[in-house]
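J.: Here's a sequence, model it:
(one chain, ligands or ions: 1)
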Amino acid sequence: MKHLAALNKYFIQNKWRLILGLLFTAISIVFSVFQPIMVRQIFDLLSHNLDEYRLLENTPLSGIFKGSFSQILAFYGVSILIFALLSGFFLFLQRQTLIVMSRHIEYGLKNEIYQHYQRLDLNFFKMHRTGDLMSRITEDVSRVRMYVGPAIMYASRTLFLIVIIIYLMIDVNPLLTLYTLSPLPFLAITIYYVNRIIHKKSERIQAQLSGITSIAQESYSGIRVIKSYVQEEASTKHFEEASEAYKQSSISLAKTDALFQPAMALMIGLSVILTIFIGGLQVIAGNITVGNLAEFVIYVNMLMFPFFSIGMVASMIQRAAASQQRINEFLQIKPDITDTAGAKPVAINGEVRLDAVTFTYPHTGITAIKDFNLHIKPGEKIAVIGRTGSGKSTLAQLLIRMYDPQQGKILMGGADIRQIPLENLRSQISYVPQDVFLFSDTVANNIRFGDPVADLAKVQQAARQASVEKDILGFNEGFETAIGERGVTLSGGQKQRISIARALIKNPQLLIFDDCLSAVDARTEKEIIGNLYAYLKDKTAIIITHRIFALFEFDKIIVMDEGRIAEAGTHEELLSLNGYYAELYARQQSGDEEPLTE
Ligand SMILES: Nc1ncnc2c1ncn2[C@@H]1O[C@H](COP(=O)(O)OP(=O)(O)OP(=O)(O)O)[C@@H](O)[C@H]1O
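T.: Numbers count the residues shown, from 1 in each chain. Sure, this is the predicted structure:
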């Protein structure tokens with residue numbers, strides 16, 4: 001329950017809805033209890049006056065008696081109807097306030113979680129599965145909503161009804177009240193347990209359903225592999241097995257559901273029988289009137305749903321508390337990479353300095369960068385090469401402060417990057433990642449991601465500089481072509497170049513390209529580099545690559561090995577060293593690039 005306290009701030013934000021909702025609930029209930037009271041009065045009126053009526057039968061007075069009786073009955077009928085309408089109206093207002101409040105809280109909570117996800121470090125995303133992140137923002141929030149809306153609505157209704165009705169019942173006859181109410185707690189407990197069973201079964205069905213969906217999804221995506229390996233039958237069998245398990249669970253849930261309603265009816269029936277039996281005896285004994293008995297029967301029926309909802313509300317709250325606990329777990333994680341106190345914006349001029357930087361990935365303990373020193377002057381073009389796993393991408397990640405080094409420091413424009421506000425730092429660096437990601441949007445908007453206010457001319461220019469304009473113009477709708485999820489309609493090289501265009505449109509002083517030309521052919525590569533050369537003229541560029549760009553005049557080439565600089569210098573200097581670089585160059589010249597991807 002303590003986990004749900006995190007939601008109190010939302011209740012405070014929505015206090016007027018909550019207060020009004022509770023008020024409407026109370027008013028609606030007050031109107032609803034007039035019905036049994038009036039029924040009692042009708043019954044008593046009839047039973048008291050029926051003997052007199054029989055005496056007057058066949059006399060001229062009988063007509064007058066009948067007429068006034070009918071008028072009284074009509075009056076009660078209309079009154080009951082009016083009270084029912086009033087009660088219904090306030091019930092409507094109750095839902096309009098409490099359920100609307102729950103939707104506002106759901107909206108607020110979803111946004112809070114989403115914003116928090118946005119602030120968290122890469123590490124967090126590496127350590128948690130996407131499915132888990134998704135389910136906390138969707139399913140868990142839905143369960144929490146059941147607490148802040150329906151559970152509060154039912155609980156308040158139940159509380160008001162039980163208090164008012166039990167008060168009225170005790171006022172008539174305490175003993176009969178005790179007998180009548182005795183089966184109801186069992187009803188509440190039964191509902192609680194049955195609800196839990198139903199919930200567990202539904203959860204299993206839900207999990208099986210998502211299993212079936214992913215089997216189907218995977219087989220559609222991998223249909224070529226399935227067909228070429230003639231595995232259609234095995235794939236169908238796999239699906240059938242999952243479907244069969246789902247069917248069995250669904251049938252089992254249907255059985256429990258089917259038992260639920262009759263069991264409820266039985267409990268209600270028992271209470272009514274008990275009321276009539278004990279109440280009948282009380283009427284004979286002269287302790288209560290026939291009207292009281294009729295009133296009691298209605299009270300018992302009115303109490304059924306509240307008692308039924310006690311069990312329901314209890315399990316709703318239990319589930320919401322478990323979900324909120326899961327949500328709180330994430331909300332309480334603090335990002336490690338944040339703005340430090342006193343951080344001041346700095347104009348990044350392209351100068352980068354790494355001073356004895358050592359970095360170890362926290363959750364794997366792999367030291368990817370070791371005692372690393374480097375000085376890049378404004379406007380320099382640096383190539384970083386090295387074997388897979390030598391730490392090249394990690395170096396790029398450190399520069400944009402996705403991680404902070406454990407030792408040493410990184411300076412830009414003379415300031416330690418930990419002393420620069422994150423937004424200020426990242427907005428002045430363009431980073432093209434190794435694994436391209438394009439959003440499900442148009443080509444133009446994907447490029448515009450680097451500069452949201454850029455006009456079409458600017459977008460076209462960036463595309464031209466990234467040598468992808470011709471490809472884009474070849475699409476049916478040009479720059480307005482929609483890209484599917486993860487850019488499925490584009491080739492790997494096209495995606496890479498759109499991603500480069502996105503970086504260029506930002507027009508920063510410092511650009512980092514992380515092996516982002518791997519999917520283009522040699523001719524396109526040549527063209528891109530030619531275009532980039534002009535674009536990068538006064539800018540600082542760090543190009544991480546597997547290949548040596550003979551065309552590009554790098555100011556410095558850094559060869560990395562196990563997180564350290566193994567060799568550094570210009571193309572000529574490195575060749576004369578006759579080390580790793582020279583060997584790599586020789587291999588590339590002969591067309592054999594294998595050693596690089598060992
Ligand atoms: N997110 C991460 N968490 C933990 N360890 C990582 C992570 N990313 C990389 N590593 C490890 O750090 C080391 C350096 O990896 P990095 O990706 O920087 O190499 P790289 O030179 O860029 O390789 P490639 O050329 O294949 O991209 C490797 O041993 C790798 O396993």
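J.: Run through the residues that contact the most centrally placed residue in the chain.
T.: Residue closest to the mean C-alpha point of the chain, counted by CA atoms, centre = their mean, is Ile137 at 1.8 Å. Ile137 sits next to Lys110, Ile113, Tyr114, Tyr117 when contact means CB atoms under 8 Å, 6 or more residues apart in numbering. (Each C-beta comes from the backbone N, C-alpha and C, glycine too.)
J.: Which helix or strand in this protein has the lowest average pLDDT?
T.: The helix or strand with the lowest mean pLDDT-type score in the chain, counting by mean pLDDT, DSSP states H and E, is helix 522-535 (a mean of 78).
J.: Show me which residues of that helix are buried.
T.: Thr524, Glu525, Glu527, Ile528, Ile529, Asn531, Leu532, Tyr535 (16 or more other CB atoms under 10 Å).
J.: how about it as PDB, C-alpha atoms only?
T.: Output of helix 522-535 as PDB, limited to C-alpha atoms (Å, rounded to 0.1, in the frame of the first residue of the first chain):
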ATOM      1  CA  ALA A 522      33.400   2.500 -52.800                       C
ATOM      2  CA  ARG A 523      32.100   4.900 -55.400                       C
ATOM      3  CA  THR A 524      29.500   6.500 -53.200                       C
ATOM      4  CA  GLU A 525      32.000   6.600 -50.400                       C
ATOM      5  CA  LYS A 526      34.300   8.600 -52.600                       C
ATOM      6  CA  GLU A 527      31.500  11.000 -53.500                       C
ATOM      7  CA  ILE A 528      30.400  11.400 -49.800                       C
ATOM      8  CA  ILE A 529      33.900  12.100 -48.700                       C
ATOM      9  CA  GLY A 530      34.400  14.600 -51.500                       C
ATOM     10  CA  ASN A 531      31.200  16.400 -50.400                       C
ATOM     11  CA  LEU A 532      32.100  16.200 -46.800                       C
ATOM     12  CA  TYR A 533      35.500  17.600 -47.300                       C
ATOM     13  CA  ALA A 534      34.100  20.900 -48.400                       C
ATOM     14  CA  TYR A 535      31.500  20.900 -45.700                       C
END
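J.: Spit out the contact partners of the residue in the stretch 451-598 of the chain that the ligand sits nearest to.
T.: Here the residue of the stretch 451-598 of the chain nearest the ligand is Asp515; by CB to the nearest ligand atom that distance is 6.0 Å. By CB under 8 Å, 6+ apart, Asp515 lies in contact with Lys392, Ser393, Gln434, Ile544, Thr545, His546.
J.: Okay, and which of these map to helices?
T.: Lys392, Ser393 (DSSP state H).
J.: can the contacts of Asp515 go into JSON lines with extra columns for neighbour count?
T.: Formatted as JSON lines, the contacts of Asp515 follow (neighbours: other CB atoms under 10 Å):
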{"residue": "Lys392", "neighbour count": "25"}
{"residue": "Ser393", "neighbour count": "19"}
{"residue": "Gln434", "neighbour count": "14"}
{"residue": "Ile544", "neighbour count": "22"}
{"residue": "Thr545", "neighbour count": "20"}
{"residue": "His546", "neighbour count": "17"}
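J.: Get me the contact residues on this protein for the ligand.
T.: For the chain, the contact set with the ligand under CB under 6 Å from any ligand atom comprises 126, 361, 364, 366, 368, 386, 388-394, 434, 515.
J.: Narrow the residues you listed to those that are buried.
T.: Looks like the residues of the chain next to the ligand have Ala368, Gly386, Ser390, Gly391, Lys392, Ser393, Thr394, Asp515 buried, using 16+ other CB under 10 Å.
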